[in-house]
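K.L.:
what's the 3D shape of this:
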Amino acid sequence: MRTTSVMVAALLRAAAGQAPEQVHLGFAGAPDSSGEQIAVSWYTATEETTPTVCWAKAGGPSCSAGNATAITIQYLKNFGYHHHAIMNGLAAGENYDYVVGTAPNTASFTFKAPNSAPDQPFSVSVFGDMGWLGSKERPDLVPVGGLVKNWTAVGTRATVEKLKDNKMIDFVWHLGDIACVIARAATRSA
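P.N.:
Sure thing, here's the model as predicted:
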């Protein structure tokens, strides 16, 4: 019964469309002749017809600064799609609004373009695969020898969120697996 209800829920979600999830940004290399560059990646459960990202200076006309069609990769069959694109022509240090997805299933966010000037100070939070929840929220269903059963990432995540919300960090350097996807996508689309 549980398997059937999970399958039905997945089919309904696919039929209804789904907004992009797991949206994250990464540095896309040195600025090119048009300005700074940022890579954007996102996940969708269903395949998109034309996955795109468009951007504009914050508060400006929607999508007025540029748009790009994403490359799409399905890393594991039947486990959704990952989309990757490069936003270029960004003015250093400016705030931008951006939208990812295929209408009507889109998601909107903001970011501040990097400033690649060597004399610009910045602050960064560096962490690895710290997790997101804890063992109470995500209990181990399959016992693994030696794995600690009482762990949590909630405190660390709350600290990073507080630093971000108080604008005490300019960016996060994530040493975990999401960084691999961004780097791979940036080299494929270059």
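K.L.:
which residue ranges form the strands in this structure?
P.N.:
Under the criterion DSSP state E, the chain contains strands at 21-27, 36-44, 52-57, 66-69, 71-73, 81-90, 95-102, 105-112, 124-127, 171-174.
K.L.:
What's opposite the most centrally placed residue in the chain in the beta bridge?
P.N.:
In the chain, the C-alpha nearest the mean C-alpha coordinate belongs to His24, at 1.6 Å (C-alpha atoms, centre = their mean). Note on His24: beta-bridge partners Ser41, judged by DSSP bridges.
K.L.:
what do you get for Thr152?
P.N.:
For Thr152, the beta-bridge partners are Gly134 (DSSP bridges).
K.L.:
Thought Cys54 was touching Ala85, still the case?
P.N.:
No - using C-beta atoms under 8 Å, Ala85 makes no contact with Cys54, being 9.7 Å away. C-beta here means a position set from N, CA and C on the backbone, and glycine is covered the same way.
K.L.:
what about Tyr43, neighbour count?
P.N.:
Residues lying near Tyr43 (other C-beta atoms under 10 Å) number 17.
K.L.:
thinking again about what came up before, so for Ala85 and Cys54, which sits in the more crowded spot?
P.N.:
More crowded of Ala85 and Cys54, by other C-beta under 10 Å: Ala85, with 26 against 18.
K.L.:
Against Lys162, how distant is that one?
P.N.:
30 Å (C-beta to C-beta, to the nearest Å).
K.L.:
do the same with Asn78
P.N.:
38 Å.
K.L.:
ok, the two, which is more surrounded?
P.N.:
Lys162 (11 against 6).
K.L.:
just to revisit the earlier point, what is in contact with Ala85 and Cys54 at once?
P.N.:
Ala68 (C-beta atoms under 8 Å, 6 or more residues apart in numbering).
K.L.:
Okay, now the unreliable bits of the protein?
P.N.:
Applying pLDDT under 70 to the chain flags the ranges 1-17, 129-132, 138-149, 151, 176-190.
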